[in-house]
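# pasting the structure only:
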């Protein structure tokens, strides 16, 4: 059975009208040193001055929002000289407690991966390893049910997809991005639950659009008016969808589908081309050493 067939079977087992929240565990990094001092994507301009107190306030609000929804938030220390480390989701992917680290394409971010991999090792993640090929974590790897959707075209090497499948034990479906404004998969596609996604078709190559239409015929289709605010860079627990406050049309679409949109202003991070999901790594199957021994 191919990965697309596996997901189609999984989708058929999930009642689409049954929206339920599932507690999650997230890893986040405070924006202590957040700044825009180089250009590695189309959103960034070093001339844009970062309002760091505002950035810290928005990040703290996001943390409080997750905790109010019943989720666990763990925090990794920020590192001076790594202004993008707040976007921790790009530094790895965790499935069933198994951790795969990242290997950044851009030299400016490469050191971040080592700090996060060390955190994995110190906090009980299973088989943490650094990849051979360039992959930018949950920036380009998004888990939908039992399948991983994997982006390529700008950052992650397509060879990293087979590497991730082997290490994480999940089928991987490759999707090619074609618009540099949507340089990571999580800027053009958001996972709503184990069978549903929202995405912007124009961000993908024609063959990838065909794959998405076949796999997710009931997907929420976003518009540029929302993706200009990185509206698809969202985080969902299956019921509550935390998304940028400015993505109002997308919020309305989600509400009409039975989800509960939770708007958060995260606009200061647009200066670096980052959003809510960029700052939120999900630790699927996470257990601390102390829990493992109890």
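Perfect, thanks for sending it. Please read these numbers as outputs of a predicted model, since none were measured by experiment. Residues are numbered from 1 along each chain as shown.

# show me where the stretch 101-250 of the chain has helices.
All helices of the stretch 101-250 of the chain, identified by DSSP state H, counting those that start in this stretch, fall at 110-122, 159-168, 206-215, 224-227, 248-256.

# and these: which comes nearest residue 21?
Distance to residue 21, taken as C-beta to C-beta, is lowest for helix 248-256 among these, at 13.8 Å. For every residue, glycine as well, the C-beta is placed using N, CA and C.

# quick one: average confidence on the closest one?
Averaging pLDDT along helix 248-256 yields 98.

# how about it: buried residues?
By neighbour count on 16 or more other C-beta atoms under 10 Å, the buried set for helix 248-256 is 248, 250, 251, 253, 254.

# report the contact partners of residue 279.
28, 29, 59, 62, 86, 87, 88, 89, 266, 269 (C-beta atoms under 8 Å, 6 or more residues apart in numbering).

# which of the residues you listed lies closest to residue 159?
residue 89 (21.2 Å).

# shaky segments in the chain?
Scanning the chain for pLDDT under 70 picks out 1-17, 288-294.

# hmm, who's touching the helix ranked longest in it?
When the chain is parsed with DSSP state H, its longest helix is helix 52-68. The contact list for helix 52-68, computed with C-beta under 8 Å, 6+ apart, reads 24, 26, 28, 30-32, 34-35, 73, 86, 235, 242, 262, 264-269, 276, 279-280.

# return the distance of it from the chain's centre.
In terms of C-alpha atoms, centre = their mean, to the nearest Å, the centre of helix 52-68 is set 17 Å apart from its chain centre.

# list the buried residues for that helix?
55, 56, 58, 59, 62, 63, 65, 66.

# and for stretch 136-153?
Neighbour-count burial for stretch 136-153 [16+ other C-beta under 10 Å]: 136-145, 147-153.

# do the same with stretch 76-93
Going by 16+ other C-beta under 10 Å, stretch 76-93 has these buried residues: 76, 78, 82-93.

# is it possible to get CSV of the residues you listed that adds distance to residue 179?
Formatted as CSV, the buried residues of stretch 76-93 follow (distance: C-beta to C-beta, whole Å):
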residue, distance to residue 179
76, 31
78, 30
82, 27
83, 25
84, 21
85, 26
86, 24
87, 19
88, 24
89, 20
90, 18
91, 24
92, 25
93, 23
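
# farthest-apart pair in those residues, please.
Farthest apart among these - using C-beta to C-beta - are 83 and 93, which lie 22.3 Å from each other.

# neighbours around the nearest residue to residue 237 once chain neighbours are set aside, how many?
Spatially, and ignoring its direct neighbours in sequence, residue 237 is nearest to residue 21 (4.7 Å; C-beta to C-beta, 6 or more residues apart in numbering). Using other C-beta atoms under 10 Å, residue 21 is surrounded by 14 other residues.

# residues touching residue 21, list them.
Residue 21 sits next to 69, 70, 237, 238, 239, 240 when contact means C-beta under 8 Å, 6+ apart.

# name the member of those residues that has the highest neighbour count.
residue 237 (23 neighbours).

# I'd guessed it sits against residue 25; true?
No - counting by C-beta atoms under 8 Å, residue 237 stays clear of residue 25, with 11.1 Å between them.

# mind listing the shared neighbours of these two?
Common neighbours of residue 237 and residue 25, counting by C-beta under 8 Å, 6+ apart, are residue 71.

# who does residue 221 bridge with?
residue 199 (DSSP bridges).

# roughly how far is stretch 254-265 from the heart of the chain?
That offset, for stretch 254-265, works out to 18 Å (C-alpha atoms, centre = their mean).

# show me which positions of that stretch end up buried.
Going by neighbour count (16+ other C-beta under 10 Å), the buried part of stretch 254-265 is 254, 257, 259, 260, 261, 262, 264.

# name the surrounding residues that touch it.
So stretch 254-265 is in contact with 17, 19, 58, 61-62, 65, 69, 192, 196, 198, 220, 236, 239-247, 250-251, 276, going by C-beta under 8 Å, 6+ apart.

# can you rerun that using 7 Å?
Residues external to stretch 254-265 that are found in contact with it (C-beta atoms under 7 Å, 6 or more residues apart in numbering): 17, 19, 58, 61-62, 65, 192, 220, 239-245, 251, 276.

# and it, how far apart are its ends?
End-to-end span of stretch 254-265 (C-alpha to C-alpha, to the nearest Å): 18 Å.

# all strands of the stretch 1-150 of the chain, in order?
Along the stretch 1-150 of the chain, the segments classed as strands by DSSP state E, counting those that start in this stretch run 25-28, 72-75, 92-95, 98-101, 126-129, 141-144, 147-152.
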